[in-house]
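Colleague: Below is the sequence, then the predicted model.
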Amino acid sequence: MTGSDTPSSFRLAYVPGVTPTKWVRVWHERLPDTPLELVQVPPAEAGRLLADGGAEAGLVRLPVDRDVLSAIPLYTETTVVVIPKDHAATAAEEVTLPDLADEIVLHPLDDVLDWGTLPGRPALERPASTADAVELVAAGVGVLLVPQSLARLHHRKDLTYRPVLEAPESRVALSWPQEEPTPDLVEEFIGIVRGRTVNSTRGRAATPPQPSAKEKAKAKRAATGTGSGRKPAPGGKQSGTGRRAGAPKGGKPTGKAPGKRGKPRGR
């Protein structure tokens, strides 16, 4: 196989908590000859990775540097508080920020929520990561506010979570380096994420629509000359005069088929 025959690959970065599975599945269905490589990246490093060409596109958390990257917001996540299963807050379906006023609220260094003022009481030190903060919650040190996907990612049997009203939320977006024009494979993935069909004019070259069974039958009748509904005469010719079989030209029918002898009379 020559270099030109080797299919190019597509590198897709994604941050923890984001699940690209459904879009990757569609990619493999539509572009089976183009490998897709997943690259997991910490949220704080996602923008730099894309800007440096470490991936063609990425599923990241906003904000991103719009002077360098393009972005399409996809969805906004609910913020939850991670708490031990025996915590008093488990009695409620939702929690408010004032409900956490007396709690030690952990603030990991990789926090993805944009806090003006963190609720509750601060811990003596900031955990190095969300995973470390979850361990501290399990140890009874404090509680943790994160997007719901991260609570699920770091699930433990001894912990649970509740939605937090009026807390900052995290927005997930598809982002890629600003280029003109946008690379074809990036356009392909944009189309998949936006739900475009395989025949979309903004995706790959559209497949010509196939004729329906009715259209095929109509075309077949036109090709064989049977569109009028009459059966073709032997040899492919129509009996265009409309005379009954056996009738002489200009006369009445004889009642006998041409070239056929009558039954002999008995003697």
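Modeller: That came through fine.

Colleague: Disregarding residues adjacent in the polypeptide, which is nearest to residue 78?
Modeller: Spatial nearest neighbour of residue 78, excluding adjacent residues (Cβ to Cβ, 6 or more residues apart in numbering): residue 148 at 4.7 Å. Where C-beta positions appear, they are placed from N, C-alpha and C, glycine not excepted.

Colleague: With residue 142 instead?
Modeller: Closest to residue 142 by Cβ to Cβ, 6+ apart is residue 104, at 3.4 Å.

Colleague: one step back: burial check on the residue nearest to residue 78, number of neighbours?
Modeller: 16 (other Cβ atoms under 10 Å).

Colleague: so who does it touch?
Modeller: Taking Cβ atoms under 8 Å, 6 or more residues apart in numbering, we find residue 148 in contact with 77, 78, 79, 80, 161, 163.

Colleague: Identify, from those residues, the entry nearest to residue 61.
Modeller: If you rank the contacts of residue 148 by distance to residue 61 using Cβ to Cβ, residue 77 comes first, at 8.8 Å.

Colleague: Residues in a beta bridge with the closest one, which ones?
Modeller: residue 170 (DSSP bridges).

Colleague: Can you verify my assumption that it contacts residue 147?
Modeller: Yes - between residue 77 and residue 147 there is a contact under Cβ atoms under 8 Å: 3.9 Å.

Colleague: who has more neighbours, those two?
Modeller: Per other Cβ under 10 Å, whichever of residue 77 and residue 147 has more neighbours is residue 147, with 26 against 20.

Colleague: Now do the phi/psi pair for the more buried one.
Modeller: phi -60, psi 150 (degrees, to the nearest 10).
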